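1. Need coordinates for the following:
(2 chains)
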2 protein chains.
Amino acid sequence: MTAGHAAPDDPAPQRRKRRQFTRRQQVLDTAARMFFERGYEATTTQDIGAELGLLKGSVYYYISSKQDLLFEIVQEYHQDTRAYFERILASDRTPIEKLRELITTETAHTATNLTRSSLFYTEWRSLDPDRQQTIIAERARHERAVESWIREAQAAGDVRPDTDPRLATFAIFGMVNSVYRWFRPDGRRTAEEVGAEFTELVLSGLSTR
Amino acid sequence: MTAGHAAPDDPAPQRRKRRQFTRRQQVLDTAARMFFERGYEATTTQDIGAELGLLKGSVYYYISSKQDLLFEIVQEYHQDTRAYFERILASDRTPIEKLRELITTETAHTATNLTRSSLFYTEWRSLDPDRQQTIIAERARHERAVESWIREAQAAGDVRPDTDPRLATFAIFGMVNSVYRWFRPDGRRTAEEVGAEFTELVLSGLSTR
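-> Alright, predicted model coming up:
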């Protein structure tokens, strides 16, 4: 399969674009699964090409480098995260409601995207330092937001005055981000139930009730 | 330096034993620091020997293999954990008090032993599967104990009846085990303060108050 040359039975540009998009997604999904199952180091670009049934010569049309694939997979994971984060940030809810929404959504998101979230945490160090920085900066925004919501809720009298908002933020992300370690899609609880339970634990823990 | 041959100025057996013990500890501490700073894969046995000032021929007297060193470092970390766990388990405190003691101690322990706790979490996959199993089995005992304390406290009416003890256990360990990611010895809070804050967050979160 090669790109850029129009054959007589070439589909309409729209359709071709859609097909390329689907193909790209297949490449990313296959790479994510293989990195997850065998580890990033142990998986070669040729392994991924073979799994996709690509001819030897076409592999590099789809895969520039293993490192790029890993970064794209991790970025894809963070794109969803960014989407709900921005939505919650822009909403006119109270700080406590924002906190509730973020913990619930982020826990369920981590559990639902198990392959990608595991990859992100276990293969983190395989990313170039520059790319690590890109992601660290983005995650720092979420942490600052959560910390400021806790602080605002504290000022409003809804969160215990003796709570340290920064430590509570670390506790929340530590809890939420570790879900990939033990969650199984065929387990006793759904991703949503875990999200609800963790949210309740944190909010009761912070509450002045 | 060779072992097994008594030189005329050989120290008393006791003193020699003590010196060997100190030397072993130096080897482990140096290896732990180097694995932590450069990563396990990137550090060679010869690097560790050179850092310790060992002659090329003596390295293998002190270091059988890199893998053995990593396992010994991780085991050393877990030996302390085991000590306080058994103490708490054998005490006649209430389930809530045991929970409080374990969360406080384990959080502070993770923060205080930053090099070893980081190594444990980041280089986990470099251990042989058999050795991983040894440690998994040990940690599973802690998890089961915490879960049963929550369950007992729930039966006594001290923990919210709608809490899922197993999910709460995962939440607790997720929180406590992630401390190595962000804690810095020269930071704003001491290891003990973090332990106290995390404990308060969890116990308030579970409480029926």
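
2. going forward, measure contacts and count neighbours with C-alpha atoms only.
-> Will do.

3. Please identify the helix or strand for the residue minimising distance to the centre of chain A.
-> Centroid-nearest residue in chain A, with Cα atoms, centre = their mean: A:Y77, separated by 3.0 Å. Assigned by DSSP states H and E, A:Y77 belongs to helix A:66-90.

4. what helices or strands is that helix leaning on?
-> Under the contact criterion of 3 or more Cα pairs under 8 Å, 6 or more residues apart in numbering or on different chains; DSSP states H and E, helix A:66-90 touches helix A:13-38, helix A:95-112, helix A:114-122, helix A:129-155.

5. now what about the shortest one, what contacts it?
-> Contacts with helix A:114-122, where a contact means Cα atoms under 8 Å, 6 or more residues apart in numbering or on different chains, come from A:32-33, A:35-36, A:73-74, A:77, A:110-111, A:180-181, A:183, B:122.

6. mind redoing it with 6 Å?
-> Helix A:114-122 is contacted by residues A:F36, A:V74, A:T110, A:Y180 when judged by Cα atoms under 6 Å, 6 or more residues apart in numbering or on different chains.

7. Check those residues against B:Y40 and report the nearest one.
-> Nearest to B:Y40 among those is A:F36, at 20.3 Å by Cα to Cα.

8. what number of residues lie near the closest one?
-> By other Cα atoms under 10 Å in any protein chain shown, 20 other residues sit near A:F36.

9. and what of the one 4 residues further on?
-> Around A:Y40 sit 19 other residues, with neighbours defined as other Cα under 10 Å.

10. Which residues of chain A lie near chain B?
-> A:A171, A:G174, A:M175, A:S178, A:L201, A:V202, A:S204, A:G205 (Cα under 6 Å from any Cα of the partner chain).

11. Out of those, give me the one that has the most neighbours.
-> A:A171 (26 neighbours).

12. what's in contact with the worst-scoring helix or strand of chain A on mean pLDDT?
-> Scoring the helices and strands of chain A by mean pLDDT, DSSP states H and E places helix A:59-62 at the bottom, with a mean of 81. Defining contact as Cα under 6 Å, 6+ apart, one finds that helix A:59-62 is touched by A:G49.

13. ok, back up a step: the helices and strands packed on helix A:66-90: lowest mean pLDDT?
-> Across the helices and strands packed on helix A:66-90, helix A:13-38 has the smallest mean pLDDT, namely a mean of 85.

14. quick one, what contacts whichever residue of chain A sits closest to chain B?
-> Relative to chain B, the nearest point of chain A is A:G205 (3.4 Å; Cα to the nearest Cα). For A:G205, the contact set (Cα under 6 Å, 6+ apart) comprises B:L201, B:V202, B:S204, B:G205.
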